[in-house]
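1. any chance you can model this:
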Amino acid sequence: MKRLLLFGWVLIFAIGLARPLEAASDKPKRGGTLTMAIAKDIVLMNPLVATRSTEQAIRELMFEPLVGIDLKGNLQPSLAERWEASKDGKIYTFSLRRGVKFHDGREMTAEDVKFAMDYTMNPKNGAYGLAKLSLVDRVTASDRYTLTVSLKSAGPAFITSLTSIQAFSVIPKGSLKEGVDKPNEFPPGTGPFKFIEWSPRQRIALERHNDYWGQKAFLDRVILRPISDDTVRMTALRAGDIDMVERSPYEWVKQIADGKLKGLNSVQAPDAGFRRIVFNVVDPPFNDKKLRQAVAHAVDKKEILQAAYFGFGEPVDQKYPQGHAWYLPGLRSLRYDPERAKALLKEAGYKGEPIPIMTNQGIDEAEATTLQAQLKKVGINIKVELVDHGTYTTRTRRGDFALKFSGGNYDPDPSATYDLVCPPDPKKRTANASAYCDKELDRMLARAETEIDSEKRRELFRQIVGKVLEDVPELYMGFVPRFFTLRDSIKGFTTNAEGGFFWWGGGLNHTWRDK
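-> Numbering: from 1, shown residues only. Got it, this is the predicted structure:
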């Protein structure tokens, strides 16, 4: 019998598996309001539109996906208690959790889930999850608590896409109008907090959902205040005007770690920021693989992360951290080896010509200057070219750069994470900014998208990632954490690797005020 991983195709979980409550030294206390400063405001109150970044983190307090995911990337029950797939991987049957209440008191049923999915799949509605549900042929509410989803073709990434509200949030049937709908308030969700009010650029108010099916919040209310300036956020925190800050500046976190700021603590989201170097592999000089490999051997990743992020960050050689379900042990990567770098430069015929690195002003400067110094040691002459963010984005899309630093993150499924398919037009680049093109890799990626045998699929990705590591269209640098900073009277808060306010194992519903 074929062994199936948790990311595999026949996935049946025991009913009633509870979300883990993080261990805490103090007994939780009920009541009170928590005020958190957030980096930016939301833009609208349609939960199926604009579901990324801070928008996503805020909405996850109110809305939930069908399936959960733990810190290691393993699927867990959530609004769906269990699910199974047909042998051909084209029909999914979900058994929904009974007794889940929306914020208006209605019970969630399969008709509600079907409505949310159908709304998302209608191109006229502008839902962000349209692409993630593109494989879906039809959705059927088989009975009150059973949902059947038929796919156009087998797609292993489908089930993992349901772990995020970026695919869709479960909302009551009929709670949004067809067409581009901009409601005056959020429709009811199923999450641990419910919407009260939104004053643009001032505050978003949420209160505890007393009928929440999972870990009910200890806090009575959460107030989210948009404050874009880092210094203003931290000053308000130290003054006691707010209790908690997201995306804390690294220099402040370092001071907390060094004991220089009293009364404050920090909570780390270890994998929230991924860093990589992207080469333009179409044009000289980095159309020469040996030159790309020389750079890879000349780079000391740890030194760059230390210089740019106050010592925070862990070097990586893949796009998943070690311990994740999709980290593939045993793959060979190009390690720091200055002598090998010099030999490859000689083989490539490089004679010290200046190479510009496009640098996002105010974001990548420390990384770029540290890289410049490292490459100079092996004889590579790098010229730092500072551009504003708009120019950086425009030039990236048309391939007008030699190399650059870039961010990114990983998807629950590796098909999206290692999406390096040949771009139709190298002057119009999106996910594959390097414009790397290898037809054999494309064929392997296409096979991996439909391979329903988990062991065969894993072996395909070993080949895919191994080829990427050898050809170096991108050099994976490391994961840089983001930090929440909070007053020491705030207890019990944990986050996931991406910095969520609420996640399968914890978040603000586990948080309480000690005084």
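
2. which of the residues in stretch 386-393 are buried?
-> 387, 392 (16 or more other C-beta atoms under 10 Å). Every residue, glycine included, has its C-beta placed from N, CA and C.

3. restrict it to CA atoms and write it as CSV.
-> In CSV, the C-alpha atoms belonging to stretch 386-393 read as follows (Å, rounded to 0.1, in the frame of the first residue of the first chain):
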residue,chain,number,x,y,z
LEU,A,386,19.7,52.8,-5.2
VAL,A,387,16.1,53.1,-6.6
ASP,A,388,12.7,53.9,-5.1
HIS,A,389,10.2,51.1,-4.6
GLY,A,390,8.1,52.0,-7.6
THR,A,391,11.1,51.9,-9.9
TYR,A,392,12.3,48.7,-8.3
THR,A,393,9.0,47.0,-9.0
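
4. so what touches it?
-> Contact with stretch 386-393 is made by 358-361, 363, 365, 395, 404, as judged by C-beta atoms under 8 Å, 6 or more residues apart in numbering.

5. that stretch: how far from the chain's middle?
-> 23 Å (C-alpha atoms, centre = their mean, to the nearest Å).

6. let me know the next secondary structure element after the longest helix seen in the chain.
-> Assignment by DSSP state H gives helix 454-471 as the longest helix of the chain. Using DSSP states H and E, the helix or strand that follows helix 454-471 in sequence is strand 474-487.

7. and that next one, what does it pack against?
-> Applying 3 or more C-beta pairs under 8 Å, 6 or more residues apart in numbering; DSSP states H and E, we find strand 474-487 packed against helix 230-239, strand 244-245, helix 250-257, strand 264-279, helix 289-298, helix 301-308, strand 314-315.

8. ok, 7 Å please
-> Under the contact definition 3 or more C-beta pairs under 7 Å, 6 or more residues apart in numbering; DSSP states H and E, strand 474-487 sits against strand 244-245, helix 250-257, strand 264-279, helix 301-308, strand 314-315.

9. between that strand and helix 454-471, how many degrees?
-> 110 degrees (axes from the mean of the first three to the mean of the last three C-alpha atoms, to 10 degrees).

10. burial count for residue 232?
-> Residue 232 has 11 neighbouring residues, counting by other C-beta atoms under 10 Å.

11. can you check residue 253 too?
-> Neighbours of residue 253 using other C-beta under 10 Å come to 23.

12. would you confirm that it contacts residue 483?
-> Yes - assessed by C-beta atoms under 7 Å, residue 253 is found in contact with residue 483 at 4.7 Å.

13. what's the overlap in contacts for those two?
-> Taking C-beta atoms under 7 Å, 6 or more residues apart in numbering as the contact rule, residue 253 and residue 483 both touch residue 266.

14. got the end-to-end distance for stretch 295-306?
-> 19 Å (C-alpha to C-alpha, to the nearest Å).

15. stretch 183-198 now?
-> Stretch 183-198: ends 12 Å apart by C-alpha to C-alpha.

16. closest to residue 217 out of the helices and strands packed on strand 474-487?
-> strand 244-245 (14.5 Å; C-beta to C-beta).

17. show me how far that closest one is from its chain's centre.
-> Distance, centroid of strand 244-245 to centroid of chain: 20 Å (C-alpha atoms, centre = their mean).

18. likewise for stretch 469-484?
-> 14 Å.

19. neighbours around residue 371, how many?
-> 28.

20. touching, it and residue 303? I think so.
-> No - Residue 371 is beyond contact range of residue 303, at 9.5 Å (criterion: C-beta under 7 Å).

21. re earlier: buried deepest among the helices and strands packed on strand 474-487, which one?
-> strand 244-245 (a mean of 26; mean count of other C-beta atoms under 10 Å).

22. how about residue 82, secondary structure?
-> Classification of residue 82 using DSSP: H, G, I helix; E, B strand; the rest coil returns strand.

23. tally of neighbours for it?
-> 16.

24. please report how far it lies from residue 69.
-> 15 Å (C-beta to C-beta, to the nearest Å).

25. please apply the same query to residue 395.
-> Taking C-beta to C-beta, one finds residue 395 at 35 Å from residue 69.

26. look up phi and psi at the spatially closest residue to residue 360 that is not a sequence neighbour.
-> Excluding the flanking residues, the one nearest residue 360 by C-beta to C-beta, 6 or more residues apart in numbering is residue 392, at 4.6 Å. With angles defined as degrees, to the nearest 10, residue 392 sits at phi -60, psi -50.
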